[in-house]
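J.: Just to be clear, the model below is a prediction. Sequence and coordinates:
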Amino acid sequence: PAVAGPNDASVAMLVRTGGLRLLLLGDLEPPAQRALARSPAARDLAGVDVLKVAHHGSAYQDPGLLDLAAPRLALISTGEDNSYGHPAPGTVEVLRARGAAVLRTDRDGALAVLPGTGGDGEVAVARH
């Protein structure tokens, strides 16, 4: 699909490392999120271990992609007391309602995701 704006030109990646699958959504807006959920790659996005939530956890999230990804852990990268109100409380609530543990850099500090020691898809998070 054509890029609608600068946020949709951001990089999104599915990373497989240490037995974990991480979906990193950059700043994708809902139309690009929907296109991703309908793409041939969508089957690989189902049930990821970790989701880096798009656009600092703004209110503009595609529920279909969140349902597909169904992350166990959702990370939101955002500055403390930012003027945009990120992350949106509704976005955090939706992620938690879908069963994700939610960590955010404005409250939890710098976060590093590591495979757990059990080697069974367990996720460990180091906070700095």
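T.: That came through, no problem.
J.: what about the helices in the protein?
T.: Using DSSP state H, the helices of the chain run over residues 30-38, 42-45, 63-69, 89-97, 105-108.
J.: Next, the contact list for His56, please.
T.: Counting by C-beta atoms under 8 Å, 6 or more residues apart in numbering, His56 touches 27, 76-78, 82, 84, 86-87. Glycine gets a C-beta too; all of them are placed from N, C-alpha and C.
J.: In the residues you listed, find the pair that's most separated.
T.: Asp27 and Asn82 (13.9 Å; C-beta to C-beta).
J.: okay, those two: which has more neighbours?
T.: Asp27 (18 against 11; other C-beta atoms under 10 Å).
J.: shouldn't Leu66 be in contact with Arg98?
T.: Yes - at 6.3 Å, Leu66 counts as touching Arg98 under the criterion of C-beta atoms under 8 Å.
J.: More neighbours: which of those two?
T.: Ranked by neighbour count (other C-beta under 10 Å), Leu66 and Arg98 place Leu66 first, with 22 against 14.
J.: separation between the more buried one and Pro115?
T.: For Leu66, the distance to Pro115 (C-beta to C-beta, to the nearest Å) stands at 23 Å.
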